[in-house]
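> sequence and predicted model, in that order:
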Amino acid sequence: MNDGCVGGRPRQRSGMEKAGPGVQYTTKDFQLEELGKLGEMQSLTESLEEAWGKKLEAVREQRLLKFDSRTLIALEAMILSFAGYIIQDARNSARQDSKLRRPKRG
């Protein structure tokens, strides 16, 4: 028994359209169909790439803005230390300037 025929009638394969009489499926038709599919895939890929880029940018911004309390305390301590050094240096400079400006007695 032939696999293509069941009960004397040719079996139609699923997923394939039956071509009309006199219409041939040429290589040009195939190429155009595949180019259409490729165009759809390209547009889908571009939209996914754009969405992924936006998502990554949001994550980067969130990481940059996110400080835990220990980091914040460490930054404050560094700023206060730096300010203390500046103030101390200014006091020392002022003392040295005042010693140089005083007239000598004697």
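Sure, I can see it.

> residue boundaries of the helices in this structure?
27-65, 69-101 (DSSP state H).

> output those helices as CSV; include the columns mean neighbour count and mean pLDDT.
C-beta: built from backbone N, CA, C; applies to glycine. Output for the helices of the chain, formatted as CSV (neighbours: other CB atoms under 10 Å; pLDDT from 0 to 100):
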stretch, mean neighbour count, mean pLDDT
helix 27-65, 10, 90
helix 69-101, 10, 85
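
> quick one, what contacts the most centrally placed residue in the chain?
For the chain, Leu56 is the residue whose C-alpha lies nearest the centre (CA atoms, centre = their mean; 2.8 Å). Listed by CB atoms under 8 Å, 6 or more residues apart in numbering, Leu56 has no contact partners.

> against Glu46, how distant is it?
Leu56 is 16 Å from Glu46, where distance means CB to CB, to the nearest Å.

> what do you get for Gln88?
Counting by CB to CB - Gln88 and Glu46 are separated by 59 Å.
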